[in-house]
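Chemist: need a structure here:
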Amino acid sequence: MIKDTALVLYYTKDNKCSFRALVGALETEESLDDLKVYFPESEKELFPELERADKKHEIIILGFSFFTAQLRDTGILVKKIREKYGRRFIFIAGGAHPTGDHRSTLGLGFDLVVTGEGEETLIQLLKKIDRGEDFMTTRGIAFLDDRGEFRSTGRRPWIDLNRYPPFAVRHKKFGFMEITRGCPFACYFCQTPYILGGHLRHRSVENICEYVSVMKGRNLLDFRAITPNAFSYGSPDGKKPAPARIEELLAGVKKILGPQGRIYFGSFPSEVRPEHVTKDTVALVRKYAVNDNLVIGVQSGSQRILDLCHRGHTVADAYRAVALTLRAGFKAYVDIIFGLPEETLEDAQLTIKLINDFAEMGARIHAHYFMPLPQTPFAGVRAGGMNPEMKKMINRLIPKGVVFGEWEKQEKIARGG
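Modeler: Here you go, the predicted model:
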């Protein structure tokens, strides 16, 4: 019986979005209604929750979702749990890093990895466990067999976002709403197109509005979208904005939320591409949203590096986007990645010039450090060095509030620190 099974999810701040969607998917399966789900939000909460679950349930499934930057800490935590409980629990991993690198994840002590989108895979896993079937035959997982040999059951087809809720209504786990999956640009440092596909899958306006109504019924009046590029919403290919579709979305959400509602679009937790920042798209944000900034993904001031990364936009696009954003009365937060592969002194100097130019224009720089991510063309590329001139410039701008971000922490992780 599924009531004898518990699902314990390591529900940390950085991984809540994934679990909200997964539990929302479980809520669509009537046979799983009696499943008890635990949501410890920290290591301090995790062990007491495991103790409670261990006393009440016969089968315990412990789920982790994590990024490459969390790999080391996740491995340490899994080891602690294994040392205390041995093989008592079924350890499952999913998310960006496990999907990109099944083998290293299994090496941390996981029993299986969900390879790709987890909604349908997790439902099938739990149903097989409930029926006492061999759940290692579930499509969409990877594992090590009894001889320690790697096995994979293959990837599932892409899901239709409209088939599953964006969050877990019954479990009261609400948050940002994913409106698009996939990306057609295939940037060499980014996992999104390689894990979620190069074809855009949009949640329909009707579906989004349905769940916005659910939110409003619980007095949740802030709408934030999860998408690789907010200005790609409704676009068939994602390479050219579809302002009419964006307006249909924003107008529909605003009508439901009413005057007390707040729409954030093109800002955290999403961003926009430079060439998609146009008078039309910016005007729509001004008309319907309340955010005072746009997050613009630029990444480098060197056209050679942008081309090498397969970015698909120009440095000139970046200057136009920042200027247009500022003229419209928004703050411009510009994403830049330091230490990109094959970056030369000349490339670094071009990025330094771009940062200084943007700072003088009034923009702020959200600094990142390149990390080679699994299942991307740059997966096997070593992180480049940080140019001393660039470090000097950054240290000068940080006290002025022009540069922010966790690039130093990312650099340490990328270099194995």
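
Chemist: how does the protein divide into domains?
Modeler: Dividing the chain into domains by automatic domain parsing, as the record does, gives the ranges 2-152, 292-417.

Chemist: dump the ones you listed to TSV, plus distance to residue 192, mean pLDDT and mean neighbour count.
Modeler: From N, CA and C alone the C-beta is placed, and that goes for glycine too. TSV is the format used below for those (distance: least, CB to CB, whole Å; pLDDT from 0 to 100; neighbours: other CB atoms under 10 Å):
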stretch	distance to residue 192	mean pLDDT	mean neighbour count
domain 2-152	9	95	18
domain 292-417	9	90	18
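
Chemist: same list (those) but as JSON lines, adding distance to residue 199.
Modeler: Shown next, in JSON lines, are those (distance: least, CB to CB, whole Å):
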{"stretch": "domain 2-152", "distance to residue 199": "13"}
{"stretch": "domain 292-417", "distance to residue 199": "16"}
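
Chemist: among those domains, which is nearest residue 209?
Modeler: Residue 209 sits nearest to domain 2-152 of all the domains of the chain, at 16.5 Å, using CB to CB.

Chemist: off-centre distance for that closest one?
Modeler: 18 Å (CA atoms, centre = their mean, to the nearest Å).

Chemist: can you give me the end-to-end span of it?
Modeler: Terminal residues of domain 2-152 lie 26 Å apart, using CA to CA, to the nearest Å.

Chemist: stretch 62-76 now?
Modeler: Distance between the two ends of stretch 62-76: 15 Å, counting by CA to CA.

Chemist: other residues contacting that stretch?
Modeler: Contacting residues not belonging to stretch 62-76 are listed as 7-10, 14-15, 18-19, 22, 50, 78, 81, 89-98, 100, 104, 108-110, 371, 373-374, 409-410, 413 [CB atoms under 8 Å, 6 or more residues apart in numbering].

Chemist: ranges for the helices of the stretch 301-417 of the chain?
Modeler: 303-308, 315-327, 345-361, 388-397, 407-414 (DSSP state H, counting those that start in this stretch).

Chemist: residue 118 is nearest to which of those helices?
Modeler: Comparing the helices of the stretch 301-417 of the chain under CB to CB, the one sitting nearest is helix 407-414, at 24.5 Å.

Chemist: coming back round to it: just send the helices of the stretch 301-417 of the chain back as TSV, with distance to residue 251 too.
Modeler: TSV is the format used below for the helices of the stretch 301-417 of the chain (distance: least, CB to CB, whole Å):
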stretch	distance to residue 251
helix 303-308	34
helix 315-327	22
helix 345-361	31
helix 388-397	39
helix 407-414	38
